[in-house]
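S.K.: What shape does this take:
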Amino acid sequence: MADVQVTCINKLPRNNTHEGITHLGNSTGKWTRQSVIDWIETGAHTFFTFVGDKRADVGVVDGPNGKYVRTYADGYYNDNLLALPECP
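M.R.: This next block holds a predicted model:
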């Protein structure tokens with residue numbers, strides 16, 4: 001199991017909320033939202049962001065339009081993923 005830091009995202013459309021995230025990535029690769037969801041749910045990998053010297057784990061949320069990913073820190077879901085730059 002790998003603990004993977006996410007440093008960028010892709011969204012379509014870009015102004016959509018968390019449900020619009022299509023890919024998550026870092027300097028070593030980029031993965032589809034569904035792949036990340038599958039890896040988190042099976043325990044194959046964990047994902048996190050590091051914003052302002054604070055770690056936030058990426059979790060899976062079951063929303064009204066299906067599953068999506070969102071960061072979770074200090075007992076609260078937050079918008080750390082949305083603050084990340086666009087992946088190349």
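S.K.: Longest strand of this protein, counting residues only.
M.R.: Using DSSP state E, we find that the single longest strand of the chain is strand 54-63.
S.K.: so whichever helix or strand comes after that strand versus strand 54-63, what angle?
M.R.: Once the chain leaves strand 54-63, the next helix or strand it forms, by DSSP states H and E, is strand 66-73. Strand 66-73 and strand 54-63 meet at an angle of 160 degrees, taking axes from the mean of the first three to the mean of the last three Cα atoms, to 10 degrees as the criterion.
S.K.: Which strands border strand 66-73, and is each parallel or antiparallel?
M.R.: strand 54-63 (antiparallel), strand 76-78 (antiparallel) (DSSP bridges).
S.K.: Highest mean neighbour count out of those strands?
M.R.: Most buried of these by mean neighbour count (mean count of other Cβ atoms under 10 Å) is strand 54-63; its value is a mean of 15. For every residue, glycine as well, the C-beta is placed using N, CA and C.
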